[in-house]
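> model the structure of this input:
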Amino acid sequence: MDPDLGTELFESLGLDALLPESLAAWRPLLAEGMAFFLGRLPQARLGAIVAEQLVLAESTSAAARATALLAHCPTLHKLGQVVARQPGLDAGLRRHLQALESLPASTHGDALHARIHAELGADHGLHLADRALAEGSVAVVLPFSWWQGGRSHEGVFKVLKPGIADRLGEELAILPALGDFLEGRGAELGLPAIDYRNHLTTAGRLLVQEIRLDREQANLRAAAALLADDADVFVPALLPWCTPALTAMERIDGPKLSDAALSARESRRLGRALVGGLLARPFWSRSEDAPFHGDLHGGNLLLAPDGRVAVLDWSLVARLGKAEREALVEVALAALALDAPRIAAGLAGLGLRGP
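As a prediction, the model looks like this:
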């Protein structure tokens, strides 16, 4: 694919202007970097992106066009979610990018049904919904129900998007060259030096983890055990129909926590509960290996009907061993005492170089 086509597409949308004036110096690098990426996508994929942009109304804002573009590319989709949390960006752009956390589903229900039948067999005995609930960067959420004990029960499947592994592979192959391009062009533009290649490699590695649903299921089990006796925060229960390519869990009927109508008192209570359950509890756990949720945002926190907070999407998890947590405490205590040798010893326990 001719890279000039990617440049023409990006410039025609005017997306570089979405950066605030305080970041105007970065606009050329953003435009050229996105054009570099788009111009190296397979022709069919770039054609689909162009076709969608052409059918959008002429009045469609640049921010909405950016969101539509990012939704086509899992790598850009994930980066867009990260950027959405940066307070210095244009408010309109941030609102549109935050929509990437949970998009309306565009994957056809028949394709999802076929994927589930292939995993479970056609006689699984479940009633699959015709339409999905939501769509993320790599997966789609599809409701289902089953009859047991004289009543109906509800769950959801997390199903990988058809072809997601191939699309992700195509994009990951571009990232090393993109990192080199950004570093070289950034230097020419006189911008601060950033290790783009390392950051893009890290983002790619995290995305590969997200399509390993079997690993997420193991994380869900560990997190559920950690929060088993928590009165305010919980992890939805896994259901028997899980496979390495399919996650089945209980359905939580409730709004995103960020959209819930909460009193000031309830907001404070749940804020303390989240800090306690997702940070303090794993940190002070006696377990040798403590899981920390690695992708907390509004789309992953739901307010359940009973007032508790359900924590979803455990595909990205940071794990700290007991020795590492003890070393962090040692560093904090040493810093309070202004004890440089003790700080150095604590950092050494974390594999870092001291002062």
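
> next helix or strand past the helix or strand encompassing I174?
Using DSSP states H and E, I174 sits in helix 164-188. Per DSSP H and E, the first helix or strand lying C-terminal to helix 164-188 is helix 196-210.

> how far does that following helix sit from the chain's center?
Relative to its chain's centre, helix 196-210 lies at 12 Å (C-alpha atoms, centre = their mean, to the nearest Å).

> show me what the very next helix or strand once past that helix is packed against.
Beyond helix 196-210 on the C-terminal side, the first helix or strand identified by DSSP H and E is helix 213-226. Using 3 or more C-beta pairs under 8 Å, 6 or more residues apart in numbering; DSSP states H and E, the elements in contact with helix 213-226 are strand 151-160, strand 246-250, strand 289-293. Where you see a C-beta, it was placed from the backbone N, CA and C, and this is true even at glycine.

> in the helix holding I174, what counts as buried?
Neighbour-count burial for helix 164-188, counted by 16 or more other C-beta atoms under 10 Å, picks out 164, 167-168, 170-172, 174-175, 178-179, 181-182, 185-186.

> can you give the contact residues for it?
The contact list for helix 164-188 (C-beta atoms under 8 Å, 6 or more residues apart in numbering) reads 29, 32-33, 36-37, 40-42, 45, 73-76, 138-139, 192-201, 203-204, 207-208, 211.

> now it, how far from the centre of its chain.
Counting by C-alpha atoms, centre = their mean, helix 164-188 comes out at 19 Å from the chain centroid.

> give me the mean pLDDT for that helix.
The average pLDDT for helix 164-188 rounds to 92.

> so it versus helix 196-210, what angle?
Per axes from the mean of the first three to the mean of the last three C-alpha atoms, to 10 degrees, the angle that helix 164-188 makes with helix 196-210 is 160 degrees.

> could you pull out the strands in the stretch 251-355 of the chain for me?
289-293, 301-303, 309-311, 317-321 (DSSP state E, counting those that start in this stretch).

> what's the most buried one of the helices and strands packed on helix 213-226?
Mean neighbour count (mean count of other C-beta atoms under 10 Å) peaks for strand 246-250 among the helices and strands packed on helix 213-226, with a mean of 21.

> who's in contact with G204?
For G204, the contact set (C-beta under 8 Å, 6+ apart) comprises T75, E171, L172, L175.

> from V159, how far off is it?
22 Å (C-beta to C-beta, to the nearest Å).

> give me the domain ranges for this protein.
Domain assignment for the chain, taken from the TED database, gives 3-103+165-209, 109-164.

> first to last residue in the shortest one, what's the distance?
What it means is domain 109-164. Using C-alpha to C-alpha, to the nearest Å, the end-to-end distance of domain 109-164 comes to 16 Å.

> for that domain, the distance to its chain's centre please.
21 Å.

> neighbours of the residue lying closest to L246 once chain neighbours are set aside, how many?
Sequence neighbours aside, E119 is the residue nearest to L246 in space, at 4.8 Å (criterion: C-beta to C-beta, 6 or more residues apart in numbering). Burial measure for E119: 17 neighbouring residues, criterion other C-beta atoms under 10 Å.

> tell me which element E119 is part of?
Assigned by DSSP H and E, E119 falls in helix 109-120.

> give me the contacts around that helix.
124, 126, 128-132, 140, 142, 157, 159-160, 162, 241, 243, 245-246.

> perfect, that will be all.
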